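> Sequence plus predicted model, see below.
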Amino acid sequence: MNKFLHIIRNLRLGSTIGMLILVIIWSTPTMGLLITSLRPSSLAETSPWWEALFNPLSTIWTIDAYQNSLSSGMLDSLINTIAVTVPATILPLMIAANAAYAFTFLNFKGKEIFFAILVALMVIPLQSSLIPVLRGMVWIQKNLHIPLTGTYASAWVVHSAFAMPLAIYILRNYMMTLPRELIEAAKVDGASNYQIFWQLVLPMSVPALASFAIFQFLWVWNDYLIAFIFVGEQKAVMTYRLLRLLGQYGQGWRDVAAGSFISLIVPLIVFFSLQRYFVRGLLAGSVKG
Amino acid sequence: MASVTYDHVVKEFGNVRAVNDLNFHIQDKEFLVFVGPSGCGKTTALRLLAGLEEISSGRILIGDRVVNDIPPKDRDIAMVFQSYALYPHLTVYDNMAFSLKLRGTPKDEIKRRVGEAADILGIHELLERKPRQLSGGQRQRVAVGRAIVRNPKVFLFDEPLSNLDAKLRVQTRAEISKLHQRLQTTFIYVTHDQVEAMTMASRIAVINKGMLQQLDTPQVLYDTPANMFVAGFIGSPAMNFFQATLKQDGGNLFVDTGAFSVKVPENRVAVYQKLTGKKVVFGIRPEDIHNPQFLPPAIHAENVPCKVDVIEMMGNETYLYLVANSQNFVARVDPRTSFKVAEQVQVAFNMDKFHIFDPETEAAIR
């Protein structure tokens, strides 16, 4: 028994070391980015970043890359990104939660078929539908005079639509694990489906909702493609702005490094404030419990 | 306050008939227990009444109202679930107030009714807690409390005691009986435990394979079971059954099992005379088999030779597992009995209490 425990303990040590190595490998580029963003261009262009890492005291540090990127409109873009990301996270979540409730707790004709179609939709690549969707929007704009392209709303619609299959899938799988008797008890207690959804299912689904919210938030925050095509220049989001910072010949690469760090702040805050849900949420729906 | 009527109720799941032609009437203020082995359809019968399943054919009435197409919330019933089904994110108070809030009951009225229910169940100090901070017994009380505050016409209980430990179960059993006396409302209670059924019910409905076997008071079920299923299900240890033939010999009627032959007392001959020569099933309860040394007074006793296989001492009584010519049976005898294992002994059958069943239909013949 003692020997067995010993092996277990050694295993734990091994996995700790393995984990540490992985963390170092994965965070090295980020580290390089951070150091580069803080070095003056004369040094950054002549020597590799790890020289600064090994002689932190003898190198010159500067924040002029941060000043550059901020003065070129990074803050405006931060606002734009938030304006795109927050609704594009909440909207699909609310719609998907309603749909997931219906797929889990209501009986209607073709329920399984609809759900299968929905899950199958996940295989359609975003890129292949960009042009049809954009043309549709242009058509609506021309014929119904509803401005869509170049607005935040167009990004909300597209992000929500493409998030829907996965969101419904994750939320439904989670709701399936909620005890059926609870729902029945609420029915006997006199709750309508609407009340059961808002007062029971939604509060009990917080782990799944939070985990999907983080996924969606990070995905929309880091998205370039949809923002570029549907929102464009007028309301440039940060990813778009970063590309512009780089310049035609890539001369602004230190400004990009600095701008990347500015764009990292909000996701980091979101991640750390919700990270207990994030870890738990990875399992949401996949494993019961 | 309301009666409940099952009018030829059928429930099918695909090709399976879970409930088959249930047809009976439950009086107002009655404590009716559905009892049967697991999978017999008793819970389905209850869920049909609650409106959680749709009836395939037939009608269910609460009072004079057909409730087939009425949603659960409008049936004026309250249900206690086996898993208690407490809302995990709400406090005990909010759990109990949930249904009242949905109905738009004024705040102070809610407070008063939850307070009353908490008094009855003695759970005042738990009101601010969440379900996960409660023990099993406490959760069970809260589940009952949630049903009481509604003041419904009919209470439904779906095996509410099966998750409690044995001691708590006995205690809670008595409390539910008391609750029924206090509330004076119709209780319908589902259990697989015949002891729960016997101790609490004013009437018991024994259900097997989706069909009603017998519906009567506990004592009648025990004394005159309608068929072999009821006879074997009610009472513990279960009734002993023997394949037998009725034989006439010199003006007397005998039950001959091959292993032994016992005489039918004169006062019961008239009933069974017509079966002379026919195959029957002879049934006798363990408590009607005695040690000849300790016979109750004034019974028609018939001695049967047999061998002792196992002896179980309970303190207040002793169970004997006996073998007569490779026929096994159980006797529940006086604790002073001093039989030894493997000993050849005589036990006395109380022939005033035996039962005869038809081997084909399994129905009791009387």
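Okay, I see it.

> Now the element after the top helix by length along chain B, going C-ward?
In chain B, assigned by DSSP state H, the helix with the most residues is helix B:166-183. Counting by DSSP states H and E, the element after helix B:166-183 in chain order, helix or strand, is strand B:186-191.

> how distant is that following strand from the center of its chain?
10 Å (Cα atoms, centre = their mean, to the nearest Å).

> And for that strand, what's in contact with it?
Strand B:186-191 has contacts (Cβ atoms under 8 Å, 6 or more residues apart in numbering or on different chains) with B:1-4, B:26-35, B:42-43, B:45-46, B:49, B:153-162, B:176, B:180, B:196-197, B:200-201. All C-beta atoms are positioned from the backbone trio N, CA, C, and that covers glycine.

> Give me the pLDDT for the residue sitting nearest the centre point of chain A.
By Cα atoms, centre = their mean, chain A has its centre lying nearest to A:L218, at 1.8 Å. With respect to pLDDT, A:L218 scores 89.

> Ok, the one 3 residues further on next?
We have a pLDDT of 90 for A:W221.

> Quickly note the distance from B:I234 to B:Q293.
Applying Cβ to Cβ, to the nearest Å, the value for B:I234 to B:Q293 is 29 Å.

> ok, now B:F13?
B:F13 is 55 Å from B:Q293, by Cβ to Cβ.

> likewise A:F230?
97 Å.

> neighbours of A:I17, just the number please.
Neighbours of A:I17 under the rule other Cβ atoms under 10 Å in any protein chain shown: 10.

> element containing it, please.
helix A:2-38.

> average model confidence for that helix?
On average, helix A:2-38 scores 83.

> and A:Q127, how far is that from chain B?
Distance, A:Q127 to chain B, using Cβ to the nearest Cβ, to the nearest Å: 41 Å.

> For that residue, which residues are in contact?
A:L225.

> How about B:A331: what's its closest non-neighbour residue?
B:I289 (3.7 Å; Cβ to Cβ, 6 or more residues apart in numbering or on different chains).

> and what of A:L38?
A:W61 (5.2 Å).

> for B:P265, same thing?
In this structure, B:P265 finds its nearest non-sequential neighbour in B:H300, 3.9 Å apart by Cβ to Cβ, 6+ apart.

> Likewise for B:L322?
Closest to B:L322 by Cβ to Cβ, 6+ apart is B:C306, at 4.4 Å.

> what about that neighbour, which SS state?
Three-state assignment for B:C306 (DSSP: H, G, I helix; E, B strand; the rest coil): strand.

> B:F357 versus that one, what's the distance?
Where B:F357 is concerned, B:C306 sits at a distance of 22 Å (Cβ to Cβ).

> same check, this time on B:L22
Distance from B:L22 to B:F357, by Cβ to Cβ: 23 Å.

> higher neighbour count, these two?
Neighbours were counted for B:L22 and for B:F357 using other Cβ under 10 Å; B:L22 has more, 26 against 23.

> Tell me how far the more buried one lies from B:I234.
19 Å.

> which residues are in contact with whichever strand or helix holds B:Q213?
Using DSSP H and E, B:Q213 maps to strand B:211-216. Contact partners of strand B:211-216, identified using Cβ under 8 Å, 6+ apart, comprise B:20-24, B:36, B:41, B:203-207, B:221, B:225-227, B:229-230.

> partners of that strand, with directions?
strand B:203-208 (antiparallel) (DSSP bridges).

> Tell me who's in contact with the residue in the stretch 251-366 of chain B that chain A sits nearest to.
Distances between the stretch 251-366 of chain B and chain A by Cβ to the nearest Cβ are smallest at B:E362, namely 35.3 Å. Applying Cβ under 8 Å, 6+ apart to B:E362 gives the contacts B:227-229, B:281.

> Next, B:K29: phi, psi?
phi 70, psi 10 (degrees, to the nearest 10).

> That one: neighbour count?
16.

> how far away is A:F115 from A:M176?
11 Å.

> So between these two, which is more surrounded?
A:F115 (19 against 14).

> Not counting residues beside it along the chain, what's closest to that one?
A:F103 is the one closest to A:F115 (Cβ to Cβ, 6+ apart), at 5.4 Å.

> How is that neighbour assigned, secondary-structure-wise?
Per three-state DSSP, A:F103 ends up helix.

> check contacts around it.
Applying Cβ under 8 Å, 6+ apart, the residues contacting A:F103 are A:111, A:114-115, A:168, A:172.

> So which of these is the closest to A:S15?
A:R172 (33.9 Å; Cβ to Cβ).

> isn't that closest one right next to A:F115, touching?
Yes. Contact status for A:R172 versus A:F115: in contact at 7.4 Å, counting by Cβ atoms under 8 Å.

> Quickly find the element holding B:N20.
Here B:N20 is assigned to strand B:16-26, by DSSP H and E.

> Please export the C-alpha coordinates of that strand as PDB.
Taking Å, rounded to 0.1, in the frame of the first residue of the first chain, the C-alpha atoms of strand B:16-26 are listed here in PDB:
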ATOM      1  CA  VAL B  16     -46.500  -1.600 -23.400                       C
ATOM      2  CA  ARG B  17     -49.600  -1.300 -21.300                       C
ATOM      3  CA  ALA B  18     -48.300   0.300 -18.100                       C
ATOM      4  CA  VAL B  19     -51.800   0.800 -16.700                       C
ATOM      5  CA  ASN B  20     -54.600  -1.500 -17.700                       C
ATOM      6  CA  ASP B  21     -58.200  -0.600 -17.100                       C
ATOM      7  CA  LEU B  22     -58.000   0.900 -13.600                       C
ATOM      8  CA  ASN B  23     -61.500   1.500 -12.500                       C
ATOM      9  CA  PHE B  24     -62.300   2.600  -9.000                       C
ATOM     10  CA  HIS B  25     -63.500   5.400  -6.800                       C
ATOM     11  CA  ILE B  26     -61.500   7.000  -4.000                       C
END
